[in-house]
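S.K.: Turn this into a structure:
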Amino acid sequence: MLNRLLELMRNRRPDPAKGRTPNALERGMTLVEIMVVLVIISLVVGVVGVNVFNTYQKAQRKIAFTQIKSLGDALDLYKLTFHNYPTTGEGLNALVSPKGNEKPIIQQVPKDPWGHDYVYISPGSTSTTGYDLMSYGPDGVQGGGDDITNTDNPEGEKK
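M.R.: A predicted model of the protein is given here:
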């Protein structure tokens with residue numbers, strides 16, 4: 001058996017004089033077999049791609065929520081220092097350049113995962129913290145069900 005395999009590896013072409021016919025080791029793949037393999041690979045890539053994209057979108061929402069939570073903590077620290085939250089006009093930049101000679105609370109105000117500025121409104125109308133802080137989500141437009149606010153939980157659902 002081993003000798004036969006070694007002979008096939010040395011001499012790939014059948015020898016008509018010896019009466020041998022090509023076997024599975026010597027035969028190539030047909031077009032149909034190649035097409036079936038390509039279809040299977042395409043289906044696997046499609047399923048994996050959709051799952052990766054959905055996971056990426058969920059991760060962006062969690063990043064936005066975490067940044068909103070961090071900005072909220074910085075706003076609370078601002079309130080402890082100055083006894084009130086920055087006005088809407090002062091905005092989140094008051095955390096970078098506070099009143100007087102105070103040192104900055106944060107080095108820079110981050111943008112949301114989609115590259116938009118966070119929206120800060122004080123006094124707030126929907127939150128119990130005294131301010132509203134939100135990202136308008138991937139579309140960058142208020143409403144549409146994709147907004148993330150400081151009243152959301154990490155999964156993006158309203159409290």
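S.K.: tell me which element the residue nearest the centre of the chain falls in.
M.R.: Centroid-nearest residue in the chain, with C-alpha atoms, centre = their mean: residue 56, separated by 2.5 Å. Taking DSSP states H and E as the criterion, residue 56 maps to helix 31-82.
S.K.: roughly how far out does stretch 38-46 sit from the chain middle?
M.R.: Stretch 38-46 sits 23 Å away from the centroid of its parent chain (C-alpha atoms, centre = their mean, to the nearest Å).
S.K.: Pull out the buried positions in that stretch.
M.R.: For stretch 38-46, the neighbour count (16 or more other C-beta atoms under 10 Å) marks no residue as buried. C-beta here means a position set from N, CA and C on the backbone, and glycine is covered the same way.
S.K.: pLDDT below threshold where in this structure?
M.R.: Along the chain, the parts satisfying pLDDT under 70 run over 1-6, 8-27, 127, 153-159.
S.K.: quick one, what contacts residue 144?
M.R.: Residue 144 is in contact with residue 137, counting by C-beta atoms under 8 Å, 6 or more residues apart in numbering.
S.K.: rerun at 10 Å
M.R.: By C-beta atoms under 10 Å, 6 or more residues apart in numbering, residue 144 lies in contact with 136, 137, 138.
S.K.: packing partners for the helix holding residue 56?
M.R.: With contacts taken as 3 or more C-beta pairs under 10 Å, 6 or more residues apart in numbering; DSSP states H and E, helix 31-82 sits against strand 132-135, strand 148-149.
S.K.: Now mean neighbour count and distance to residue 95 too, for those strands, in JSON lines please.
M.R.: Output for the helices and strands packed on helix 31-82, formatted as JSON lines (neighbours: other C-beta atoms under 10 Å; distance: least, C-beta to C-beta, whole Å):
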{"stretch": "strand 132-135", "mean neighbour count": "22", "distance to residue 95": "11"}
{"stretch": "strand 148-149", "mean neighbour count": "22", "distance to residue 95": "18"}
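S.K.: now these as JSON lines including distance to residue 107?
M.R.: Listed next are the helices and strands packed on helix 31-82 as JSON lines, based on distance: least, C-beta to C-beta, whole Å:
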{"stretch": "strand 132-135", "distance to residue 107": "18"}
{"stretch": "strand 148-149", "distance to residue 107": "23"}
